[in-house]
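Peer 1: Show me how the following folds:
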Amino acid sequence: MPTWGEILKELQDTKTQGIDPPFDAVRRKYLALLNKKTGRNTIIYFTKWTQPGASVNPDMLSINDEDIQGLMEVIHGLEGPALDLIIHSPGGSAEATEAFVSYLRTKFDDIRVIIPQAAMSAATMLACASNKIVMGKHSSIGPIDPQLILQTQVGPQIVPAQAILDQFELAKEECQDPKKLGSWLPILGQYGPALLIQCKNAIGLSEQLVSEWLETYMFAGDTDAKQRSAKIATFLSNHKEFKTHGRHINRDKAKEIGLIIEDLEEDQELQDLVLSIFHSSTHTFGATSAVKIIENHKGKAFMKQQQMVLVQQGGPPPNLKKPKS
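Peer 2: Residues are numbered from 1 along each chain as shown. Next comes the predicted model:
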């Protein structure tokens, strides 16, 4: 399997051959090879979020409504019911994820989500809208409990919706003691009047969407699909269980809670190609201004760049030569 360092060397060697820039060419080569192996449409949805030292506006890394434009770009011209969607994302808007899934499902009947490293939060929700998930030993999904951005006296703060509800319950209990009321008033004064309802609705939406998607797609036809789906969705949305929104759920735990998970290592060639695509994408993020890539196996891409609106790229895939193992 080409490692991160070996992909870097390949990029450097390609550049010496006069191909500039080499990042797109190498990444697309492995995407085309993966499609050739599986015979399935292949799309990557990658962001720069795990790159060390990356100072990027979080909105540019999130699943958002603009992603529909990217999907329209890369899905155009693809045929067939099967799709491999390779995801590396911190998540984003549940509402945008719902639109993402709705559009994908008008185009593809059989969706396999592959996670080369991590698909967290709303990206976990997206994975739960697949027919099956492929994870490596190193791969992770995460909790789906919603986070709210609150404007506080110390600036914007990202706060779990469940933590806000729990804090209000604690305040109700402690404020029965007049001596503690003065300590709570500045805290409670930062919250708007509709915040509790917003928190409950946000939690309900995430849980509802995941439960419905699992029942409709991953567990379609199972006699106990509704119960299985609801149980998994409740577990993933339970902030009290995970304590923190950034908690990683590894492959074994994902299987344990009932998700249909395939091991990436079961097919060595598949693993090599998936990780080669992922490594070459991290090099793209590290050496260019790209912060999000939505791209198909035909070389058609929709990219977000730091301090730039977007760059549309396209072209035929390079000459197909399998990498040396």
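
Peer 1: count of residues packed around Leu195?
Peer 2: A count of nearby residues for Leu195, using other CB atoms under 10 Å, gives 18. (Each C-beta comes from the backbone N, C-alpha and C, glycine too.)

Peer 1: cool, the one 10 residues further on as well?
Peer 2: If you count neighbours by other CB under 10 Å, Leu205 ends up with 16.

Peer 1: how much space is there between Val210 and Ala82?
Peer 2: As for Val210, its distance to Ala82 is 23 Å (criterion: CB to CB, to the nearest Å).

Peer 1: As CSV, could you dump the C-alpha coordinates of stretch 274-289?
Peer 2: Presented in CSV, the C-alpha positions along stretch 274-289 are these (Å, rounded to 0.1, in the frame of the first residue of the first chain):
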residue,chain,number,x,y,z
VAL,A,274,-9.0,4.2,-1.0
LEU,A,275,-6.0,5.2,1.2
SER,A,276,-4.0,6.4,-1.8
ILE,A,277,-6.9,8.7,-2.8
PHE,A,278,-7.1,9.9,0.8
HIS,A,279,-3.3,10.5,1.1
SER,A,280,-3.1,12.3,-2.2
SER,A,281,-6.0,14.5,-1.0
THR,A,282,-4.3,15.4,2.2
HIS,A,283,-1.2,16.5,0.1
THR,A,284,-3.5,18.6,-2.0
PHE,A,285,-4.8,20.3,1.1
GLY,A,286,-1.3,20.7,2.5
ALA,A,287,0.2,22.3,-0.5
THR,A,288,-2.6,24.3,-2.1
SER,A,289,-5.4,26.7,-1.0
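
Peer 1: Check which residues of that stretch are buried.
Peer 2: Neighbour-count burial for stretch 274-289, counted by 16 or more other CB atoms under 10 Å, picks out 274-285, 288.

Peer 1: What about these, which are in helices?
Peer 2: Taking DSSP state H as the definition of helices, the buried residues of stretch 274-289 contribute 274-285.

Peer 1: neighbour count winner among Val210 and Ala82?
Peer 2: Val210 (27 against 15).

Peer 1: Leaving out chain neighbours, which residue sits closest to that one?
Peer 2: Excluding the flanking residues, the one nearest Val210 by CB to CB, 6 or more residues apart in numbering is Ala233, at 4.1 Å.

Peer 1: Just put the buried residues of stretch 274-289 in TSV and tack on distance to Ile260 and pLDDT.
Peer 2: Output for the buried residues of stretch 274-289, formatted as TSV (distance: CB to CB, whole Å; pLDDT from 0 to 100):
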residue	distance to Ile260	pLDDT
Val274	18	96
Leu275	22	94
Ser276	25	91
Ile277	23	95
Phe278	22	95
His279	27	90
Ser280	28	91
Ser281	26	91
Thr282	28	90
His283	32	85
Thr284	31	87
Phe285	30	90
Thr288	36	85
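
Peer 1: and which of those is nearest Lys240?
Peer 2: Within the buried residues of stretch 274-289, the smallest distance to Lys240 is 33.0 Å, found for Phe278 (CB to CB).

Peer 1: For the residue lying closest to that closest one once chain neighbours are set aside, give me its contacts.
Peer 2: Nearest residue to Phe278, sequence neighbours excluded (CB to CB, 6+ apart): Pro116, at 3.9 Å. The contact partners of Pro116, taken as CB atoms under 8 Å, 6 or more residues apart in numbering, are 86, 88, 136, 139, 264, 274-275, 277-278.

Peer 1: let's see it at 6 Å
Peer 2: Pro116 makes contact with 274-275, 278, according to CB atoms under 6 Å, 6 or more residues apart in numbering.

Peer 1: Phe23 now?
Peer 2: Shown in contact with Phe23 (CB under 6 Å, 6+ apart): Thr284.

Peer 1: what's the spacing between it and His279?
Peer 2: Distance check for Phe23 against His279: by CB to CB, it reads 11 Å.

Peer 1: Equivalent analysis for Val159, please.
Peer 2: Per CB to CB, Val159 is found 35 Å from His279.
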